[in-house]
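> What would the 3D arrangement of this be:
(chains A and B)
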Amino acid sequence: MSSSVKGMRDLWGDELRWFRRIEETAHRVFGAHGYREIRTPILEYTEVFKRSVGDSSDIVAKEMYEFLDKGDRSVTMRPENTAGVVRAMVDHKLLVNNDPQLLYYMGPMFRYERMQAGRYRQFWQIGAESFGVASPESEVESLAMLFDFLQGLGLKSLSLSLNSVGTPESRPAFNAAFRAFFDARADRFCEDCHRRIETNPMRILDCKNPGCQAALEGHPTIVEFLDDASKAHHTRLKELLTTLDIPFTENSRLVRGLDYYTRTAFEVLSSDLGAQSALLGGGRYDGLVKQLGGPDTPAFGWAIGLDRLAMVLKQLHGEAPFEPAPLLIPLGEAASAKALQLAREWWSAGLRVQLETRGCPLKKSLQSANRMGMKLALILGDGEFEKGTLAVKHLETGAQEEWAWNDVPSRLKG
RNA sequence: GCGGCUGUAGCUCAGUUGGUUAGAGUGCUGGAUUGUGAUUCCAGAUGUCGUGGGUUCAAGUCCCAUCAGCCGCCCCA
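A predicted model of the protein is given here:
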């Protein structure tokens, strides 16, 4: 008995069909916005993630598939893709001029985590990144694309949660004020929060502990400590979202787990997800490109998990639409040679036909066709062979009719 | 990394206070005159009872460990 590695799974059948539906929608919608696909390696030098995601984050601290390769280089299987994309941008000097670079990616990511519904150690993400533009307009463009994408998949009851996490310059003032707030009621916060106040105070805002959430009542918000430019940015962003009828709620407690975010941060939540309520997240990360050795370049992006998204789509719409190709069943040697010829013509004409090649009794073929969910069986026996026709059986109704070979293309399309 | 629950045919599950060769439904295989499925009828096959120890005359059942899955926490997508 063998089984897949813990946290790794096979994708097939209905779930894979949802994945493909998602991916095709992404290619279409993102392409329409002028975004171009990029594929970066799964393996990067560990430094790439340590310098971008942040040493203090749990991802880097304990969730990375990190190891020495045979040349004793420390490499890591990507836990997310933004760092890799930025690294590629820097490597290829694509950010030296001031043109915007609009990119999207899709592929597997890896985090060594405890498993749960919709959460795997190899999981799939689709993300979009926009480099070189600092404006709120670019954020709204990206968010509009995101919503077109989600709506294209038939999702409706989602909520956009919005905040600004400030800039490295504005954050100390907030931290000082928040520290004072925290100290005044320190006994009401949990152990984890006491640790966070030293390492990453902002993270206290999204502590899931009900006691902590209650204690946060009336907390100083990041937004009120923003510098004027960030404040104007935030205001303008909200105006533009309103103009586009993209509904959002401001959430002063929304922060992000990755260290590289600046100013705008957001999440989209789905009520169909249980504990894994965040369907996707993203925001602005103006400092990251420079941090990875590139020119000082503003950037905005987001990523969505396909495993969870496919789960939601399945809950919402059931099985992914799928119709198997009709089965062409030849009976006898002459017929099976002819069937190969006919099928070849139809395939090159773009028709979908599956060929029965077992040479088994008709009964077996029909049983298989039925089990595979086929709607049509195209039977080519001696009688049909003589006449240049097919016996066409509709497997749902049992009705049967006869088609001339030449009519098959037009009839299958209709 | 922490806490809780679960593990018996391909699938969904029964299995009494430990007691003979471990069951059902569904699915599967074959048949009901050799070119007609799905419906019906008849017949048949299938399990290291997650794995490894232990207790016992006797373990699917009790105990321990381990692995896997699920739920919650943490974290995040």
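
> Can you tell me the number of residues neighbouring residue A:402?
Residue A:402 has 13 neighbours, counted by other C-beta atoms under 10 Å. C-beta here means a position set from N, CA and C on the backbone, and glycine is covered the same way.

> Next: residue A:291.
For residue A:291, the count of nearby residues is 16 (other C-beta under 10 Å).

> Repeat that for the one 4 residues further on.
Residue A:295 has 14 neighbouring residues, counting by other C-beta under 10 Å.

> Ok, the one 4 residues further on next?
Counted with other C-beta under 10 Å, residues neighbouring residue A:299 total 28.

> Please enumerate the strands of the stretch 51-200 of chain A.
With DSSP state E, counting those that start in this stretch as the criterion, the stretch 51-200 of chain A has strands at A:65-68, A:74-77, A:101-110, A:122-131, A:158-164.

> tell me the most buried of the ones you listed?
Greatest average neighbour count among these goes to strand A:122-131 (a mean of 22), per mean count of other C-beta atoms under 10 Å.

> Give me the mean pLDDT for that one.
The average pLDDT within strand A:122-131 is 95.

> now the angle between strand A:101-110 and it, please.
Relative orientation of strand A:122-131 and strand A:101-110, computed by axes from the mean of the first three to the mean of the last three C-alpha atoms, to 10 degrees: 160 degrees.

> tally of neighbours for whatever residue of the stretch 301-414 of chain A ends up closest to RNA strand B?
Taking C-beta to the nearest atom of the strand, RNA strand B has its nearest neighbour within the stretch 301-414 of chain A at residue A:381, 2.4 Å off. Residues within reach of residue A:381, counting by other C-beta under 10 Å, total 15.

> check contacts around the closest residue to it other than its chain neighbours.
Leaving aside its chain neighbours, residue A:381 sits nearest to residue A:331 (4.2 Å; criterion: C-beta to C-beta, 6 or more residues apart in numbering). Going by C-beta atoms under 8 Å, 6 or more residues apart in numbering, residue A:331 touches A:362, A:379-382.

> Check the closest residue to residue A:225 other than its chain neighbours and give its pLDDT.
For residue A:225, ignoring the flanking residues on the chain, the nearest one in space by C-beta to C-beta, 6+ apart is residue A:174 at 3.9 Å. On pLDDT, residue A:174 comes in at 90.

> Same check on residue A:271?
pLDDT, residue A:271: 59.

> And for residue A:289, nearest residue in space, chain neighbours not counted?
Distance criterion C-beta to C-beta, 6+ apart; nearest residue to residue A:289, sequence neighbours excluded, is residue A:297 at 4.0 Å.

> what's the burial count for residue A:135?
14.

> Next one: it from residue A:410, what distance?
Distance of residue A:135 to residue A:410, given as C-beta to C-beta, to the nearest Å: 53 Å.

> Reduced to three states, what does the residue in chain A positioned nearest to RNA strand B come out as?
Closest to RNA strand B within chain A is residue A:257: 1.8 Å, counting by C-beta to the nearest atom of the strand. Under the three-state scheme (DSSP: H, G, I helix; E, B strand; the rest coil), the conformation of residue A:257 reads as coil.

> isn't it right up against residue A:63?
No: contact between residue A:257 and residue A:63 fails when scored by C-beta atoms under 8 Å: they sit 10.7 Å apart.

> Now do the least confident helix or strand in chain A by mean pLDDT: which elements does it pack against?
Among the helices and strands of chain A, helix A:58-62 carries the lowest confidence by mean pLDDT, DSSP states H and E, at a mean of 77. Applying 3 or more C-beta pairs under 8 Å, 6 or more residues apart in numbering; DSSP states H and E, one finds that helix A:58-62 makes contact with helix A:46-52.

> Quick one: check stretch A:348-368 for contact with RNA strand B.
Yes: applying C-beta under 7 Å from any atom of the strand, one finds stretch A:348-368 in contact with RNA strand B at A:361-364, A:366-367.

> which among the residues you listed end up buried?
A:362, A:366 (16 or more other C-beta atoms under 10 Å).

> Out of the residues of stretch A:348-368 next to RNA strand B, the closest to residue A:222 would be?
residue A:367 (64.3 Å; C-beta to C-beta).

> Might you report the residue contacts of the residue nearest to residue A:225?
A:166, A:202, A:220, A:222, A:225.

> Among the residues you listed, which one has the most neighbours?
residue A:222 (28 neighbours).

> Okay, it and residue A:299: tell me how far apart.
In terms of C-beta to C-beta, residue A:222 sits 20 Å off from residue A:299.

> Repeat that for residue A:379.
Distance of residue A:379 to residue A:299, computed by C-beta to C-beta: 60 Å.

> buried ones in stretch A:145-161?
Buried-residue list, stretch A:145-161, by 16+ other C-beta under 10 Å: A:145-150, A:153, A:155, A:158-161.

> rewinding a little: could you dump the residues of stretch A:348-368 next to RNA strand B into JSON lines with secondary structure and pLDDT added?
What follows is these, written out as JSON lines (DSSP: H, G, I helix; E, B strand; the rest coil; pLDDT from 0 to 100):
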{"residue": "A:361", "secondary structure": "coil", "pLDDT": "91"}
{"residue": "A:362", "secondary structure": "helix", "pLDDT": "93"}
{"residue": "A:363", "secondary structure": "helix", "pLDDT": "92"}
{"residue": "A:364", "secondary structure": "helix", "pLDDT": "92"}
{"residue": "A:366", "secondary structure": "helix", "pLDDT": "94"}
{"residue": "A:367", "secondary structure": "helix", "pLDDT": "93"}
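
> Distance to residue A:195 for the residues of stretch A:348-368 next to RNA strand B - can I get that in TSV?
Output for the residues of stretch A:348-368 next to RNA strand B, formatted as TSV (distance: C-beta to C-beta, whole Å):
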residue	distance to residue A:195
A:361	71
A:362	71
A:363	69
A:364	66
A:366	66
A:367	63
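
> buried ones in stretch A:281-300?
Quick answer for stretch A:281-300 (16+ other C-beta under 10 Å): A:281-289, A:291-292, A:294, A:297-300.

> Can you tell me which of the residues you listed end up in strands?
Using DSSP state E, the members of the buried residues of stretch A:281-300 that fall in strands are A:281-284, A:299-300.

> quick one: least confident of those?
Among those, residue A:281 has the lowest pLDDT, at 90.

> quick one: secondary structure of the residue lying closest to that one once chain neighbours are set aside?
Counting by C-beta to C-beta, 6+ apart, residue A:281 lies nearest to residue A:267, which is 4.4 Å off, once chain neighbours are set aside. Counting by three-state DSSP, the backbone at residue A:267 sits in strand.
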